[in-house]
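Student: quick one: sequence plus predicted model below, questions after.
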Amino acid sequence: MKCRSHLLVVFLFCSPLLSKAQGISVPVSEKAKINFSGMLQTQFNYSLDDDIDIAGMHHAGDEHFSRNSFSVKRARLQLNATINDRINAVILVNFGDFTGNPQNKVLENAYIKYSINDYVNFQFGQFRPQFGQEDNYPVDFVRSIDYSNQYYLFGSNSWQSFQIGATYFGEIKNTDVPVKYYIGIFNGNNRNQVSDNDDGKIIPARIVVGLGKTTQLGASGGVGKNMGQKIWAYGADVDYKKQLNERWGIELVSEYKQGINSVAFFGQENLVIPVSEYAMRGIYVLPNVAYSIKNARLKSLEFAVRYEYLDSDFKQVGNSRQSYIPMISAAFAEAYAIRVQLGLLMDRYERNIPNTTQYNTNRIICQVQARF
């Protein structure tokens, strides 16, 4: 309890300073230092449909519900401790989870990284496995309002999002074709668990190949066991980024994944169908155009459109979902330190199911974020 109090005191003391810089470093010893940083995301959601609430839930009856609301999406604080030239530890918490059900949430990153050189690195604890392009950047750098629906679906099945385990990774630089590689082993029962719920583990692997200065090709694959059932997943992605001139830049991210939906399988009342008959797949395309502005206040304007197709159970009943998210954003400081985003979220389902979130929706989302 004393440690938590001391950490809170340090954070409150540092807050005025953090507003002037990206993080603050606190020396611990000759070689060790601690860096604090944070991020705050707030939103305003407005449903354009009279029978849809702000969460996308359809209401066929006369019950009261909210069609517009302000909310705190994320309130993160990160501590990065550099122990020496080879070891550092990271803790990331999201206080925004306290606004909902914080069970098995709040703590996001909690890991130790040991680096020998570019080729040999190890990471232990709770962190995001490398299984797609979206694992490479924090949410405050996402070119859309949020991560893709695919990311959250594969995260609930333990392939992405925050998991507990270990990974080995490295990078081959200084070649015409640079390569990054990752392989790990994880409990496979998601974050903030006291221990694994079975002896099964998941083993994800990923390789990323650079083609010139503009293009990266990624491939991911993994196998594992969940409560005695064999599971697997795989995916591929393309990231193209080019600065056209001093002001204009473009980026295109596209990703495809497919795998076993063990969450849907174990959600059955009677497990009579093989787990292999419960499969999920999805693809999204996200082009982004950025325009830099030489202004003391406004730094850049960006326009992005994410199209996504996702089916969480295409071998069974299924109900494919298509999402269209045009979005414009303005950055008022370098590296998105202050960013305002305005987007229109349009979901279209293969068939509407009344009184569920599987219903066509049209929602406006305004998001304001600050990084410090």
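Tutor: Done, it's in. Note that the structure is predicted; figures quoted are calculated from it, not measured.
Student: now name the helix or strand holding A236.
Tutor: In this structure, A236 sits in strand 229-243 according to DSSP states H and E.
Student: mean confidence score for the next helix or strand after that strand?
Tutor: Sequence order places strand 248-260 as the next helix or strand after strand 229-243, per DSSP H and E. Taken as a whole, strand 248-260 has an average pLDDT of 97.
Student: repeat for stretch 184-196
Tutor: 89.
Student: buried set for it?
Tutor: By 16 or more other CB atoms under 10 Å, the buried positions in stretch 184-196 come out as 184-191. The C-beta positions use only the backbone N, C-alpha and C, and glycine is treated the same way.
Student: now the residues you listed as TSV including distance to S292 and secondary structure?
Tutor: What follows is the buried residues of stretch 184-196, written out as TSV (distance: CB to CB, whole Å; DSSP: H, G, I helix; E, B strand; the rest coil):
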residue	distance to S292	secondary structure
G184	37	strand
I185	42	strand
F186	39	strand
N187	43	coil
G188	43	coil
N189	44	coil
N190	39	coil
R191	37	coil
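Student: mind putting those in a markdown table, distance to T167 included?
Tutor: What follows is these, written out as a markdown table (distance: CB to CB, whole Å):
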| residue | distance to T167 |
| --- | --- |
| G184 | 3 |
| I185 | 8 |
| F186 | 8 |
| N187 | 13 |
| G188 | 14 |
| N189 | 17 |
| N190 | 16 |
| R191 | 15 |
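Student: looking at these, which is nearest D347?
Tutor: N190 (24.6 Å; CB to CB).
Student: ok, that closest one - contacts?
Tutor: 104, 155-156, 158, 161-163 (CB atoms under 8 Å, 6 or more residues apart in numbering).
Student: recalculate using a threshold of 7 Å.
Tutor: 104, 158, 163 (CB atoms under 7 Å, 6 or more residues apart in numbering).
Student: and these, which are buried?
Tutor: Using 16+ other CB under 10 Å, the buried members of these are 158, 163.
Student: how much space separates the residue of the chain most remote from its centre from G56?
Tutor: In the chain, the residue that sits farthest from the middle, by CA atoms, centre = their mean, is D62; the gap is 35.8 Å. Distance of D62 to G56, computed by CB to CB, to the nearest Å: 19 Å.
Student: list the buried residues of stretch 241-250.
Tutor: Here stretch 241-250 shows G249 as buried, counting by 16+ other CB under 10 Å.
Student: that one: how far from the chain's middle?
Tutor: Centroid separation for stretch 241-250 versus its chain: 25 Å, with CA atoms, centre = their mean, to the nearest Å.
Student: heads up, I number from 27, so please use that
Tutor: Got it, first residue is 27 now, which makes that one stretch 267-276.
Student: now do the buried residues in the strand holding A262.
Tutor: For strand 255-269, by 16+ other CB under 10 Å, it's 255, 257-265.
Student: what does stretch 180-200 give?
Tutor: 180-191, 193, 195-196.
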